[in-house]
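A.B. asks: Quick one, fold the following:
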Amino acid sequence: MNAEAEPAPTSEAPLPAVERIAALDVLRGVALFGIFIMNMPGFTHSVFTPPPPDASGLDKLVDALRELLFAGKFNLMFGLLFGIGFNLQLGRLEKASPGGHATQVYARRLAVLLAIGLVHAALLWSGDVLVVYAVLGFALLAMRRLPDAAVLVLIGLCLLYPALSDALRPLLLSFSTEAVGAFQYEEFEASNALAFGKGSFLDAVRETARIFVWGYTSPLGLFSYAAFYVQMATGILLGFLVGRHHWVERMPALREPMRRAGLGALGVALLAGACWLAAGGAGTEPGASNVPATLARTVGRAALMAFYALVVLQLLELPWAARLLRPFAFAGRMPLSNYLLQTLMGSFIFYAWGLGFWGRATPLVEVLLPIALFLAVQLPLSAWWLSRFRYGPVEYVWRRLTYGRLGD
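C.D. replies: Below is the predicted model:
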């Protein structure tokens, strides 16, 4: 894995580093940064634990800001990049190898990602998103010939789904299902504390597997996963449209439209946020009365994600900002390795088999710690690794299993 040599551009070789779009690498790094901040509470305590009623004013403020600025935005951004990358990778394969062969290669790529995600989700951390991206990637592979109008309709339906599912929840989930779910939440809260807070590594693995199986087999788990899949599909479909029209490659000619789009996205996000607060915000209960708040939150998340992405792309046009953002490109060039490293760091710090700080982190620590780990560990480690190797360690395995020999 020499850092200098590049594989010959055959039909089954991955995209060489010299052909990468640097702006997308930066955006991937930024997305990983935001995802780490939002995922950290899942390592510090049970995700089934309700918010404490006696939380301090600072804790409430940090939670509110994290929800407002981070929740859902960076997973959507990563989905956006997944959709853009889908067009870039599949388009290159189709040019190099006309016919159905390109589809087979890309399907193999998704199958390997699915396998990695299943191992991660079932054994290490049930909050995994790789399985979701792989499954939605297969769906996108089947729908890639859809016209723009149909894709826009699907995006609209994805934005409406959370509000509609809230309204229909009483019909979809019976009272007995909700009651059993509440009991299961309490049971998982207790078993999580034992396995993650006091148990061995194998105890943590078994508990993670229990949560994973419950999520894909129980009515409440499936209901929650459906919402998550739809949320990720929103970003992926948006990215699919961006990639289909080659807007990223045409960025120099689109500076003014991008500026206007960024301002428009910010305006929509602010309006949606105001509507969400006016409708009750996070204090409302699922049901028909919560539809306005849920719709505002969903639209606001997508709009703020678009604003973030457009701001980063415009900042990259400024030399001083590009220098500050350049380290994020190293993390973005090995996103799979960094995503899995976040799981290892989070679980090692908080689970009993590691440092054992389970249940001790405040919301402020849950925000500051991932910022420190990302800036002080992941960015320099990514730069060091890529100065010696072409790919991240997990990316290398992924590519070898997908494309075969890379000429190393």
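A.B. asks: contacts and neighbour counts: CA atoms only from here.
C.D. replies: Will do.
A.B. asks: What is the burial count for residue 148?
C.D. replies: Neighbours of residue 148 under the rule other Cα atoms under 10 Å: 14.
A.B. asks: where does this protein have low pLDDT?
C.D. replies: Scanning the chain with the threshold set as pLDDT under 70 gives 1-20, 97-100, 280-289, 405-408.
A.B. asks: Quick check, central residue of it?
C.D. replies: In the chain, the centroid-proximal residue (Cα atoms, centre = their mean) is residue 75; its distance is 2.9 Å.
A.B. asks: Grab the nearest non-local neighbour of it.
C.D. replies: Excluding the flanking residues, the one nearest residue 75 by Cα to Cα, 6 or more residues apart in numbering is residue 35, at 6.3 Å.
A.B. asks: just checking, what packs against the host helix or strand of residue 210?
C.D. replies: Assigned by DSSP states H and E, residue 210 falls within helix 201-217. On a contact count with 3 or more Cα pairs under 8 Å, 6 or more residues apart in numbering; DSSP states H and E, helix 201-217 meets helix 175-197, helix 219-244.
A.B. asks: re the thing from before, give me the neighbour count for the residue nearest to residue 75.
C.D. replies: Residue 35 has 23 neighbours, counted by other Cα under 10 Å.
A.B. asks: got the contact list for the helix or strand hosting it?
C.D. replies: In the assignment (DSSP H and E), residue 35 maps to helix 22-39. With Cα atoms under 8 Å, 6 or more residues apart in numbering as the contact definition, helix 22-39 has outside contacts at 66, 70-71, 73-75, 77-78, 81, 127, 309, 312-313, 316, 325-333, 335, 338-339, 342, 366-367, 370-371, 374.
A.B. asks: before we move on, the earlier item: after the one helix or strand the residue nearest to the centre of the chain maps to, which helix or strand is next?
C.D. replies: Per DSSP H and E, residue 75 falls inside helix 73-96. Remark: after helix 73-96, the chain's next helix or strand is helix 101-119, criterion DSSP H and E.
A.B. asks: Give the buried residues for that following helix.
C.D. replies: Using 16 or more other Cα atoms under 10 Å as the test for burial, helix 101-119 gives 102-103, 105-107, 109-114, 116-119.
A.B. asks: what does that helix rub up against?
C.D. replies: By Cα under 8 Å, 6+ apart, helix 101-119 touches 11-12, 90, 93-94, 128-131, 134-135, 137-138, 141, 398-399, 401-403.
A.B. asks: about what we covered before: list the buried residues in the helix holding residue 75.
C.D. replies: Buried residues in helix 73-96 (16+ other Cα under 10 Å): 73-88, 90-93, 96.
A.B. asks: out of everything not next to it in sequence, what's closest to residue 305?
C.D. replies: Closest to residue 305 by Cα to Cα, 6+ apart is residue 73, at 4.8 Å.
A.B. asks: Alright, that wraps it up for me.
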